[in-house]
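K.L.:
below: sequence and its predicted model.
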Amino acid sequence: MTTDTRSPSARAQRFAPLPTDRQRWSRFGKWGDRPSFPRLVGLEIEEVRVDYARMRLPYRPEVTQLQGLVHGGAIATLVDTVVVPAVGSAYDEPRGFFTVDMHVSYLSAVQDEDMVAEGWVTRRGGSIVFCQAEVATPSGRLVATASLVYKVSRPSSERTG
């Protein structure tokens, strides 16, 4: 996995660029002044394409546990958040969606390093979206892999009652 923010990764190149009307996802986490968990944790969006996103969690002491390693919860947050723009990028109208299931495999500990995650959609159903994610250090050491399932609502214009 490459973490060079100046060019798309090999995986990213398999996904279509964002259409003009969906560019809001390239500003994920920076929508207005409203506080949000991704902003609180310090997540930074690096690239978004249709069904794909890359995000960074810059290292800081607040995301570590007592032994000085990055906390597993911080890694899980990165995994769960990186797929959000990937899921949302396919819809013209905003929709609500949330995590139904998430499985994270922790492969390596991280100390004093940023982490970069790539998340992508593997299959879309009518209201269920299946995703995969990988987290690595900038040097390319794989930290975690994950599979996630999201539930997506219909756009508000299609809802009844």
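P.N.:
Thanks, I have the structure now.
K.L.:
show me where the chain has its helices.
P.N.:
37-41, 72-88 (DSSP state H).
K.L.:
pick the most buried one from these.
P.N.:
Highest mean neighbour count of these: helix 72-88, a mean of 23 (counted as mean count of other Cβ atoms under 10 Å). Every C-beta, even on glycine, is put in place using the N, C-alpha and C of the backbone.
K.L.:
ok, G119 to V149 distance?
P.N.:
Plainly put, G119 is 13 Å away from V149 if you go by Cβ to Cβ, to the nearest Å.
K.L.:
hey, what's in contact with both of these two?
P.N.:
By Cβ atoms under 8 Å, 6 or more residues apart in numbering, G119 and V149 have these common neighbours: C131.
K.L.:
between those two, tell me which one has more neighbours.
P.N.:
The neighbour comparison of G119 against V149 (other Cβ atoms under 10 Å) goes to G119, with 27 against 16.
K.L.:
check the gap between the more buried one and R34 for me.
P.N.:
G119 is 23 Å from R34, by Cβ to Cβ.
K.L.:
still on that earlier bit, looking at the helices of the chain, which one has the lowest mean pLDDT?
P.N.:
The minimum mean pLDDT among those belongs to helix 37-41 (a mean of 86).
K.L.:
ok, and the closest non-adjacent residue to the residue nearest the centre of the chain?
P.N.:
Nearest to the mean C-alpha position of the chain, by Cα atoms, centre = their mean, lies V82 at 0.3 Å. In this structure, V82 finds its nearest non-sequential neighbour in G119, 3.6 Å apart by Cβ to Cβ, 6 or more residues apart in numbering.
K.L.:
and the gap between that neighbour and R49?
P.N.:
Here the criterion is Cβ to Cβ. By it, G119 lies 11 Å from R49.
K.L.:
how about stretch 117-124: buried residues?
P.N.:
Judged by neighbour count using 16 or more other Cβ atoms under 10 Å, the buried positions of stretch 117-124 are 117-121.
K.L.:
kindly apply the preceding question to stretch 56-72 instead.
P.N.:
56-57, 59, 63-64, 70.
K.L.:
need the residues that contact it.
P.N.:
Contacts of stretch 56-72 (Cβ under 8 Å, 6+ apart): 3, 5, 41-44, 46, 74, 77-78, 104, 106, 109-117.
K.L.:
in strands, which of these fall?
P.N.:
44, 46, 104, 106, 115-117 (DSSP state E).
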